[in-house]
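K.L.:
One predicted model, sequence on top.
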4 protein chains.
Amino acid sequence: MTILQKIAQARLLSKALASATKLLSERGESNSASMATDLLTSYKSLTDDQKATFLSNLATQFNPEPAAVTTAAQNYAAKPSAKSLIELTKVAEPPRQELLRRINRSPGGTVGLLEMRRDLFKLLSKNAELAAVDYDLRHLLQSWFNPGFLKMHQVDWRSPALILEKIIQHEAVHEIDGWDDLQRRLQPDRRCFAFFHPQIPDTPLIFVEVALVQDIPAAVGPLVDKKSAVSASNSPRVAVFYSISNCEPGLRGVSMGNFLIKRVAEHLKAEFESLRTFVTLSPIPGFMDWVIAGAKVGETNPKLAIPQRLEKALDTLNLKKQSWPERLSGGWSPETATPADKEALESLCSIYLMFVTPEKNGNQVAKFHLSNGAKLNRINWAADLSKKGLRQSAGLMVNYLYDLATVEENHEKFTQGEIISSRLVSRLV
Amino acid sequence: MTILQKIAQARLLSKALASATKLLSERGESNSASMATDLLTSYKSLTDDQKATFLSNLATQFNPEPAAVTTAAQNYAAKPSAKSLIELTKVAEPPRQELLRRINRSPGGTVGLLEMRRDLFKLLSKNAELAAVDYDLRHLLQSWFNPGFLKMHQVDWRSPALILEKIIQHEAVHEIDGWDDLQRRLQPDRRCFAFFHPQIPDTPLIFVEVALVQDIPAAVGPLVDKKSAVSASNSPRVAVFYSISNCEPGLRGVSMGNFLIKRVAEHLKAEFESLRTFVTLSPIPGFMDWVIAGAKVGETNPKLAIPQRLEKALDTLNLKKQSWPERLSGGWSPETATPADKEALESLCSIYLMFVTPEKNGNQVAKFHLSNGAKLNRINWAADLSKKGLRQSAGLMVNYLYDLATVEENHEKFTQGEIISSRLVSRLV
Amino acid sequence: MTILQKIAQARLLSKALASATKLLSERGESNSASMATDLLTSYKSLTDDQKATFLSNLATQFNPEPAAVTTAAQNYAAKPSAKSLIELTKVAEPPRQELLRRINRSPGGTVGLLEMRRDLFKLLSKNAELAAVDYDLRHLLQSWFNPGFLKMHQVDWRSPALILEKIIQHEAVHEIDGWDDLQRRLQPDRRCFAFFHPQIPDTPLIFVEVALVQDIPAAVGPLVDKKSAVSASNSPRVAVFYSISNCEPGLRGVSMGNFLIKRVAEHLKAEFESLRTFVTLSPIPGFMDWVIAGAKVGETNPKLAIPQRLEKALDTLNLKKQSWPERLSGGWSPETATPADKEALESLCSIYLMFVTPEKNGNQVAKFHLSNGAKLNRINWAADLSKKGLRQSAGLMVNYLYDLATVEENHEKFTQGEIISSRLVSRLV
Amino acid sequence: MTILQKIAQARLLSKALASATKLLSERGESNSASMATDLLTSYKSLTDDQKATFLSNLATQFNPEPAAVTTAAQNYAAKPSAKSLIELTKVAEPPRQELLRRINRSPGGTVGLLEMRRDLFKLLSKNAELAAVDYDLRHLLQSWFNPGFLKMHQVDWRSPALILEKIIQHEAVHEIDGWDDLQRRLQPDRRCFAFFHPQIPDTPLIFVEVALVQDIPAAVGPLVDKKSAVSASNSPRVAVFYSISNCEPGLRGVSMGNFLIKRVAEHLKAEFESLRTFVTLSPIPGFMDWVIAGAKVGETNPKLAIPQRLEKALDTLNLKKQSWPERLSGGWSPETATPADKEALESLCSIYLMFVTPEKNGNQVAKFHLSNGAKLNRINWAADLSKKGLRQSAGLMVNYLYDLATVEENHEKFTQGEIISSRLVSRLV
């Protein structure tokens, strides 16, 4: 870079910072759309270091005045009224939120803010103060990407290649192996639905893949086999949500999956009178890591004798003799495993799902579905024979059942610490 | 109403209130879409009195805890950090905002909230505390109806009748006298543009009507004459914004007009290379009322000798001898007025526009355009000969000029108290 | 017109004629789209007299060579083969058809040909030779506007004003009295469906208006009353086709109504499970004119004693004493008529519908529905009290019943001279 | 197949044949849409042999009566009038055409007829009489797929996968090697346009691929290299039609390519003011086969001394010493060829293009473009180094130039036997 180029580049940062201040000023009130465009244009041309400076500036400037907030809170406490409350609300909201709202007024504003948040994620570990910016961004995105504003569309072979390409790229659970694999997943006995935002119509924000079958599936292989025959049945009884993935990392923490699953379930119910059951077939990430680490649980109901069961199962497995990775490279497979191993692993798995899930570092997939109000329905042996499946969960998978009539109540019980499970699962404990 | 019906009706209110509490609870986190639908359904069935109770409840419940806010503000002041700031932001935001955001998650949520706000308007004068609810609603609507989310569409004879009907109903400046009148206003030498929100696609939120002509117009009659010949010219030089109206009262106070005018100007500029000037032809509401009330102005630059000019003009008019309404019923018309009357009225009008506008009760039309960065360009004698035009402004109208290159700067000057006017106007003072 | 203008105008005719020849030549094979545009542009600028000359030229030129046709026919007769047949087909088809097909290749070609046909209609009575052009045009239009190419769309309040305006203009049976009348006819208990051609998407070619009610209606007043309350029922039992009109005179003789009615019936059947009956409520044009002229029928089955019945009914009416127009101006009305008058008129009407319909100058409405396979279901007294209704049919109207299961068979019987009627009607004879 | 199945299958044929007769009868006049659906359903279930029988029946039945045609032709000759002409037209047109038009009235009629024609192609060589059916089908398809009814759409990465898949399958000139190859061909410096028919919206009937470049290209490799960098230029000077392919074999012989190329040229001209030249880069199929077979031409202008030139060139090549396939397997390449070989081949190629093209078995690509009015612009050495390119034309390719101002005139000259070529090409002769 020549000196002149360096100067030009440095000017871009000053310009972006000045734009932010100007956009929040009186001037920005009336001309924000074009100013916001200027700000985003400058921002995009910044180097990574300059972006870090810009975002850090967003974090340290644009905060509320604590003295003013204290005074307003005290005034409101002394004499509660709409007037004093509005005053408090005004001074307490970080001015940064208004700045971000004004950036969002430009034509590409929403996309620009999502990119800014992706940049932020890379810097958060180095600069904890950026969390304040992230909090405000997430707060606004949650408001703008609320399910009332999202459009659910079916994705099929008539969808634009542009969108299908993103489905292939972002499928995170069961990788899509090219266009022919995708095409199989869009046949009449499979479905794919996605949420779109009117402002970003070319991007599926989150999508769910569904298989329409006759029985609750016990293994994922047949569901994602691209050579499988297409079912001719027009009366499926079970809809299986076998994969759900996000396409837009800038929306991390903005809940959409829960709403998507419920809207898809209602949509399919209206399409097929024959549908009786909505269920997932889900992986169990973290299970074998937890076993290897000694299968620790917190306090549990003493009646259930969980510690004893754990000990017995661990003894049966005897991973001290041969570690799990060794066993796998030795060719261990659920299909040839001993009945004792099977019993031990299933027992461990039910304990893992029922007692470790609610904890902080627990299984996020279980947490997601149980928190949505689903029920832990069945643990499936030899359900995922892929390398990844054997490594993370000894080939076990789990069905979560969505019974639309009870999801609300189940959700509330879950928030109070209870895991809703079928007898099939609780018997294993 | 039978007793049973009364009980059923009373239950609806309890149900709506309970729904609000539940929607904001943990339960509402995961199932808000259907709960919000329930809440809105109950709300719509309430009587007017019950709605008042419900809204009053919204105002008194769902407020922040002042003690918690004070503590959080002090913690943040003592040790500013992302963590303490986020905590402050959380406790200071009225929980009502989160409640309203969750209501917005249901399919008809946005429409429901707009209706709620229209109900609120009817009650505000009776219950000042409702202002807190209105503040939060407006705050969120401003965020949801930001110009980045609004789609500008041309409204023409191909538009759905559903939408054209709303244009006819809501034209507030120059009434549309049926479908044939509307059709004239959609011919190639006229244009109509509106903002739409993806969530309410059938409602034009705000629309502007434009005439494409050769010169800045001095009278509105020819622009809205439904029998006028359609111009064959494909090279207009002037675009006249001759009317701008809102269709959605629930969006009062949410600025959209400013953004619409600028986007339309850019759109037309791209369509017609020949366009040189963007200008309004606007009414001057309040002018004659101000004259009748004695033409008071606040302090002005002593050099300008405003008080003397006012006195002289009022003397000329001599409304004491014959009041304004009497003069009008006596057949006074700008076309037959004396040159002295004309000079006096024009002088008064320029003073009104330049010195009364910024004040609180001043002319809202002038405030709107000047605050957008337009320039007071020309006062037009005998511009509006309608009854309403004679009564409110003695037939005078004014052109505000939108010069896209200077609007930003003009806007800022206006916020600092300066009125931007052409020499033509300032000479009259 | 100056001499120069006259010369220019005369040149336009030569140009149009030359274009036609060129378009049909080798040159036109590859460049027909732009040549066809030229031809149509010239044609549109012709005076009425010049158009007559042009069309007359189309009629006299561009005909097959009879000698060549005879030879080819004889060759084919002598030695039938694909080759000799193709040769015959080639020489026998009027070259005019190929010319018209090539005109249709230009972007506005179809519209241009429809306009040409409208011109033709005005000239046919003066120049019988133009019938050859009309025959070829109709032949091609029938092929291009076949029901496989037509799209049926519901017309409702969301339709473009452009299209609704045409519905108002072209409603030929029960006049639409402005936009509010139209709006009533598009409410949920009424329907309007039209056929569109992809090449002319802004023009509803033919449309049918439907009322969704509980019983077969006996009077048209309530169906077209713009102040009538909208039915809240979601389970109509009867769909009444109360009006069918063409919008495009250039398509005269191209059958579309039959296909539209059947497609609408299928569409409504799929929408409402409750629908049991599809029926019209139709005017009886020509009825009173026929009575006044002496109620002549051709030969009928002697068993039915038609002549006697006619004589008796005519005697009862006794129009010699007071003519029909006099009676009407004297205030005659079905509501106050004598039972004898009623019986006589109903009897005459059933004879008119059953024995005069198939004849050449008979009732076109009856012919249309009976030929579609509908059944003469019921004659309704006091069904149309409008001036026009009293004058043409003494207020009588008739229901034709569309039973989709029997229309095919009924149609065939009709083509063999049989009128399908319900007992209700035949009893009247 | 069981006997029962055989009987059922045999009934299908009877049913299809009966449907055809019924559809053409009176009954079919009014109920053709559903009857046509029945006919097509039966037809699709026939075995190949049954289809042959059905089509053969179409060929032998449904023909005009030669005696009636002769009489009508004689009547018309004796007394030419619209009446006698219409009579002649009616009796001379094969009733089969009306039958096919009625089949086309069903919703899937057009698609069904295209499939029928594909079946016909397989049988034509065995049964020459089917040519009569094919003639009528092509005649009608030409009328229905006329360019006025076809919609031109750009195909790009936003197009449905369904359509892109067909583009990949049917590219006949330069094979598309998967989705990534296609994606490269849809970048901003490449274009793809296709014709669609409203009745078959999911099928691109014919498509053309275009490269936007700065100079007339002399080799195809860079144009179809999927790894090539995308040009950033927004001002291309040359549009190269480098591939044109049909997707619908049932439309063989229905000219669309000519219209597509011209419409695309106009479209691109409107999009890019910078475009100066529209040109192809085309293969020369048949060239080396003609050389190998002795490079025969018919009679030519003696002044040009064509035979001598041919002999000289053939001597230089001396394919008797080493045949062309041997030379190729020996590694012959235009890049390493001797100047003498180059001169000989270019000379032969120009003779081939200019004197062999118009003949019956000549080069179809040349015929297509020259007949469209394009000009033989330049022969390119080493333009196509693919195996196929070397084998069929020794790596030579040719540019045909579309000058919209002269295509019409060129087309006509071509039909009179003249080849329009640039000096560059004619100098080689």
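P.N.:
Noted; the coordinates are in hand. Numbering: from 1, shown residues only, chains lettered A, B, ... in the order given.

K.L.:
Distance of the nearest residue to A:L24 once chain neighbours are set aside relative to A:L17?
P.N.:
The spatially closest residue to A:L24, leaving aside those adjacent along the chain, is A:L99, at 4.8 Å (CB to CB, 6 or more residues apart in numbering or on different chains). From N, CA and C alone the C-beta is placed, and that goes for glycine too. To A:L17, A:L99 is 12 Å away according to CB to CB, to the nearest Å.

K.L.:
For these two, work out which one has more neighbours and name it.
P.N.:
Counted by other CB atoms under 10 Å in any protein chain shown, A:L99 and A:L17 do not tie: A:L99 has more neighbours, with 22 against 19.

K.L.:
The residue nearest to A:L24 belongs to a helix?
P.N.:
Yes - judged by DSSP: H, G, I helix; E, B strand; the rest coil, A:L99 forms part of a helix.

K.L.:
Do I have it right that it meets A:K22?
P.N.:
No - counting by CB atoms under 8 Å, A:L99 stays clear of A:K22, with 10.5 Å between them.

K.L.:
Give me the longest helix you can find in chain A.
P.N.:
helix A:3-24 (DSSP state H).

K.L.:
now the angle from the helix or strand that that one is followed by to helix A:3-24?
P.N.:
Counting by DSSP states H and E, the next helix or strand C-terminal to helix A:3-24 is helix A:26-44. With axes from the mean of the first three to the mean of the last three CA atoms, to 10 degrees defining the directions, helix A:26-44 sits at 140 degrees from helix A:3-24.

K.L.:
Now the next helix or strand after helix A:26-44: buried residues?
P.N.:
Next helix or strand after helix A:26-44 toward the C-terminus (DSSP H and E): helix A:48-60. Buried residues in helix A:48-60, counted by 16 or more other CB atoms under 10 Å in any protein chain shown: A:Q50, A:K51, A:A52, A:F54, A:L55, A:S56, A:N57, A:L58, A:A59.

K.L.:
Need the pLDDT of A:L404.
P.N.:
Listed pLDDT for A:L404 reads 85.

K.L.:
Tell me how many other residues crowd it.
P.N.:
Counted with other CB under 10 Å, A:L404 comes out at 13.

K.L.:
For the closest residue to it other than its chain neighbours, give me its contacts.
P.N.:
Counting by CB to CB, 6+ apart, A:L404 lies nearest to A:A265, which is 6.2 Å off, once chain neighbours are set aside. By CB atoms under 8 Å, 6 or more residues apart in numbering or on different chains, the contact set of A:A265 is A:A239, A:F278, A:Y402, A:L404.

K.L.:
swap in A:V238?
P.N.:
A:L212, A:V213, A:Q214, A:D215, A:I216, A:P217, A:L275, A:R276, A:T277, A:F278, A:V279.

K.L.:
Quick one: low-confidence residue ranges for the stretch 251-400 of chain A.
P.N.:
Along the stretch 251-400 of chain A, the parts satisfying pLDDT under 70 run over A:357-361.

K.L.:
Tell me if the strand or helix carrying A:L401 is near chain B.
P.N.:
Using DSSP H and E, A:L401 maps to strand A:397-402. No - Strand A:397-402 stays clear of chain B (CB under 8 Å from any CB of the partner chain), getting no nearer than 11.8 Å.

K.L.:
just how off-centre is that strand within its chain?
P.N.:
17 Å (CA atoms, centre = their mean, to the nearest Å).

K.L.:
for stretch A:73-82, same thing?
P.N.:
40 Å.

K.L.:
could you give the mean pLDDT of that stretch?
P.N.:
92.

K.L.:
swap in stretch A:43-62?
P.N.:
95.

K.L.:
Any part of it near chain B?
P.N.:
Yes - contact of stretch A:43-62 with chain B (CB under 8 Å from any CB) involves A:A59.

K.L.:
Tell me the one among the contacts of A:A265 nearest to B:N63.
P.N.:
A:L404 (34.5 Å; CB to CB).

K.L.:
Mind putting the contacts of A:V238 into JSON lines with secondary structure, distance to chain D and neighbour count?
P.N.:
As requested, the contacts of A:V238 are arranged in JSON lines below (DSSP: H, G, I helix; E, B strand; the rest coil; distance: CB to the nearest CB, whole Å; neighbours: other CB atoms under 10 Å in any protein chain shown):
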{"residue": "A:L212", "secondary structure": "strand", "distance to chain D": "21", "neighbour count": "23"}
{"residue": "A:V213", "secondary structure": "strand", "distance to chain D": "24", "neighbour count": "21"}
{"residue": "A:Q214", "secondary structure": "coil", "distance to chain D": "28", "neighbour count": "12"}
{"residue": "A:D215", "secondary structure": "coil", "distance to chain D": "31", "neighbour count": "10"}
{"residue": "A:I216", "secondary structure": "coil", "distance to chain D": "31", "neighbour count": "17"}
{"residue": "A:P217", "secondary structure": "coil", "distance to chain D": "27", "neighbour count": "21"}
{"residue": "A:L275", "secondary structure": "coil", "distance to chain D": "26", "neighbour count": "17"}
{"residue": "A:R276", "secondary structure": "coil", "distance to chain D": "32", "neighbour count": "11"}
{"residue": "A:T277", "secondary structure": "strand", "distance to chain D": "30", "neighbour count": "17"}
{"residue": "A:F278", "secondary structure": "strand", "distance to chain D": "27", "neighbour count": "24"}
{"residue": "A:V279", "secondary structure": "strand", "distance to chain D": "29", "neighbour count": "23"}
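
K.L.:
Which residue ranges of chain A form strands?
P.N.:
Ranges of strands in chain A, per DSSP state E, are A:151-154, A:190-196, A:206-213, A:238-246, A:277-280, A:375-380, A:397-402.

K.L.:
Tell me which strands the fourth one pairs with, and in which orientation.
P.N.:
Meaning strand A:238-246. The pairing partners recorded for strand A:238-246 under DSSP bridges are strand A:206-213 (antiparallel), strand A:277-280 (parallel).

K.L.:
Distance from the first one to the middle of the chain?
P.N.:
Which is strand A:206-213. 16 Å.
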